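J.: Let me see the structure of the following:
(chains A and B)
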Amino acid sequence: MEKFLQTLIDALAVGSLYALIALGYTMVYGILKFINFAHSDVFVLGAWTSFLVAVAAGWGDPQASAGAGREWVAWVLWAATIAAAVIAAFEYAAWKRRHPTDAFSLNRTRLAGSLVLVAAWGWAALGLAKMAGVVKAWGDNGLFSGLLILLCAMATCGLVGFVLERLAYKPLRKAPRLNVLITAIGVSLLLQNLGQLQAMFGTRPQRMPTLLPTDAPLATIANVKIMPVDVIGAATAVALMFLLDFLVHRTKFGRSMRAVSFNPTTASLMGIPVDRVISVTFVIGASLAAAAGFLYGQKYPGLNQTAAAVWVLLGLKAFVAAVVGGIGNIRGAMLGGVLIGLLEFFGAAYVSAAMRDVYVFSLLIVVLLVRPSGILGRPMVEKV
Amino acid sequence: MLVVRDLVVNYGAIRALHGISLRVDQGRIVTLVGSNGAGKSTTLRAISGIVRAASGSIVYDGKPIGRMPPHEIVRLGIVQAPEGRGIFANMTVEENLLLGATVRDDAAGVREDWDRALALFPRLAERLSQNAGTLSGGEQQMLAIGRALIAKPRLLLLDEPSLGLAPQVCQTIFRIIREINERGTTILLVEQNANAALRIADYAYVLEVGDIALEGDAKKLAADDNVRKAYLGVH
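T.: Numbering: from 1, shown residues only, chains lettered A, B, ... in the order given. Below you'll find the model as predicted:
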């Protein structure tokens, strides 16, 4: 009973995080029909960003994380500024290609708009980080700081998602899907290796400051301590998923998103700005992954360097969750995430802990053999 | 209202339109007839901004729109019910109709056009919560036109509305197209069913492998035996 309950709690806590990451894979696939292999690296970035912000805000042992409390402020601002500049260059090049003979004028407002947006975004993330510091200084118990750090990580990674899509994927909109896939792998390698730079996160593993008390369980059932981190983590993940589900199925923007995923050309004939919908989709996916990164760091505080195999494996499992649930299907990704979590943890607890990855990938094989479109996915029917 | 001049469109190395010119005057029904592969749909796709012209110009109300993205063209009041109806089969009839209102921000006006569209197609009103993919071909065409009407078009582009429909349903659709026009919407109609199209149109262009072979008053073209034999496949 004890073992069962403990396993169940862990499975649900981690499964809901798989689900959060899987959503990003599935949304991008639903719209652009390619697997964004860089998505798991955005998740890692979310974990590390949360770490930097938490340390900068004064959490954790400053001695233990020496060298990690680099000037986070400068980092975000430089990133946002450089991104804005690169986007400007790209926009200009794209505009020039379309209007080879005209003087540059028409798109000036739109260009200025994106630059202001990117810069403001960076500053907002910075503001959240600073607020986390202020709140900590006031003697916060961790909840409120946690929320601010979470939002800051989501904003930062959302910005990164926006910039990645703009620079790496948008120029390939009309290219064959294989090219986009290869680009995604390239972006993934870039993020993994950039993250190891000393100016970024370095190559040494770090310890994520835990914001929630680890010695005071919320309740004890049958000798099993129910920890705040599990409850709050799962609750946050579920809340975010409800929010997303509402957005997709009940709002005008969600309707546009579904229209684009069904047929981008027809969607544009409805007056839907397809590129903007795609941008927002990437932002949402990336910020959900960042949230998962933060929550994962709270449950398992040991942070490995960004290219470590553990991270890759986590991302792969979330990808499997998306495929098992039915890739392109949002509710399927949530279901798949929880399912993978249950399978992995119960398999590890009751059969063999050494084989925990085997269960997950075996499930993938079974699903691909029996129901290739996933549990909630609809089989593709070729219309004549 | 709409003036297309020397429009050239290429699909890769294949030239789909060899420089066609046409004009659509306000309040008219203009039809573009011709056989498969003549370039009819390509012309509509170019006007809507889905394919880019290699050269030539598209001017709407005195404004060049050839380089505008599709969603901005819809905002100008050029709305297309595309070939194959373009129904979103993953959504309900109601959601499909709501997508028509994407570009509008006057809720009261949308309500009004919504009621008007449903009055025109009472069949849709009965099926609002039904999945759009389960509709029959005729109903899907009604949905496509109804959805376009909710976008409040000034110029409605219809791409083969009669395709694959039973003769009786065809008749209904053509009657409704005329009704829409009588209420003040200008229409550019692309059709393979030349006879039916010429019957309701004011002016017609006959397209043949990327060129305009013939143009003139629709009634006169329909009456001319030589034209019928040479271009309209009527023997």
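
J.: Can you classify the most centrally placed residue in chain B by secondary structure?
T.: For chain B, residue B:158 is the residue whose C-alpha lies nearest the centre (C-alpha atoms, centre = their mean; 1.4 Å). Recorded secondary structure, residue B:158: strand (DSSP: H, G, I helix; E, B strand; the rest coil).

J.: Check the gap between residue A:4 and chain B for me.
T.: Separation of residue A:4 from chain B (C-beta to the nearest C-beta, to the nearest Å) stands at 40 Å. Heads up, the C-betas are built off the backbone N, CA and C, glycines and all.

J.: what's the burial count for that residue?
T.: Counted with other C-beta atoms under 10 Å in any protein chain shown, the neighbours of residue A:4 add up to 13.

J.: for residue B:7, same thing?
T.: Using other C-beta under 10 Å, residue B:7 has 25 neighbouring residues.

J.: ok so it is a strand residue?
T.: Yes. Assessed by three-state DSSP, residue B:7 belongs to a strand.

J.: so what's it up against?
T.: Residues near residue B:7 by C-beta atoms under 8 Å, 6 or more residues apart in numbering or on different chains: B:17, B:19-21, B:43, B:46, B:53, B:55-58.

J.: buried ones in stretch B:111-129?
T.: Within stretch B:111-129, the residues scored as buried using 16 or more other C-beta atoms under 10 Å in any protein chain shown are B:113-114, B:117-118, B:120-121, B:123-124, B:127.

J.: Identify the residues contacting stretch B:9-21?
T.: In contact with stretch B:9-21 (C-beta under 8 Å, 6+ apart) are residues B:4-8, B:39, B:42-43, B:46, B:51-56, B:205, B:207, B:209-212.

J.: please redo it, this time with the cut-off set to 7 Å
T.: The contact list for stretch B:9-21 (C-beta atoms under 7 Å, 6 or more residues apart in numbering or on different chains) reads B:4-8, B:39, B:42-43, B:46, B:51, B:53-54, B:56, B:210-212.

J.: which stretches of the stretch 151-300 of chain A have low pLDDT?
T.: Along the stretch 151-300 of chain A, the model assigns pLDDT under 70 to no residue.

J.: need the residues of it near chain B, please.
T.: Within the stretch 151-300 of chain A, the residues that sit near chain B (C-beta under 7 Å from any C-beta of the partner chain) are A:255-256, A:258-259, A:262-263, A:265-266, A:268-273.

J.: Looking at these, which are in strands?
T.: Assignment to strands by DSSP state E places none of these there.

J.: What residues sit buried inside the lengthiest helix in chain B?
T.: As assigned by DSSP state H, the longest helix anywhere in chain B is helix B:167-182. For helix B:167-182, burial by neighbour count (16+ other C-beta under 10 Å) applies to B:169-170, B:172-174, B:176-177, B:180-181.

J.: before we move on, back to that, just curious, which of the contacts of stretch B:9-21 is nearest to chain A?
T.: Nearest to chain A out of the contacts of stretch B:9-21 is residue B:51 (C-beta to the nearest C-beta; 9.8 Å).

J.: pLDDT at the nearest residue to the closest one once chain neighbours are set aside, what is it?
T.: Leaving aside its chain neighbours, residue B:51 sits nearest to residue B:45 (4.6 Å; criterion: C-beta to C-beta, 6 or more residues apart in numbering or on different chains). For residue B:45, the model assigns a pLDDT of 96.

J.: Neighbour-wise, give me the winner out of the contacts of stretch B:9-21.
T.: Neighbour max across those (other C-beta under 10 Å) = residue B:43, 29 neighbours.

J.: Return the residues of chain B in contact with chain A.
T.: Residues of chain B that fall close to chain A, judged by C-beta under 7 Å from any C-beta: B:48, B:50, B:67, B:70-71, B:74-75, B:80, B:82, B:86, B:88, B:90-91, B:95, B:98-100, B:102-103, B:151.

J.: Secondary structure and pLDDT added to the buried residues of stretch B:111-129, as JSON lines?
T.: Shown next, in JSON lines, are the buried residues of stretch B:111-129 (DSSP: H, G, I helix; E, B strand; the rest coil; pLDDT from 0 to 100):
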{"residue": "B:113", "secondary structure": "helix", "pLDDT": "95"}
{"residue": "B:114", "secondary structure": "helix", "pLDDT": "96"}
{"residue": "B:117", "secondary structure": "helix", "pLDDT": "95"}
{"residue": "B:118", "secondary structure": "helix", "pLDDT": "95"}
{"residue": "B:120", "secondary structure": "helix", "pLDDT": "94"}
{"residue": "B:121", "secondary structure": "coil", "pLDDT": "94"}
{"residue": "B:123", "secondary structure": "helix", "pLDDT": "93"}
{"residue": "B:124", "secondary structure": "helix", "pLDDT": "95"}
{"residue": "B:127", "secondary structure": "coil", "pLDDT": "95"}
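
J.: For these, which two are the farthest from each other?
T.: Put simply, by C-beta to C-beta the two of those set farthest apart are B:113 and B:127, 18.5 Å from each other.

J.: Residue A:320 contacts residue A:362, correct?
T.: No. Contact criterion C-beta atoms under 7 Å: residue A:320 and residue A:362 do not qualify, at 10.2 Å.

J.: between the two, who's got more neighbours?
T.: Neighbour count, other C-beta under 10 Å: between residue A:320 and residue A:362, residue A:320 has more, with 25 against 13.
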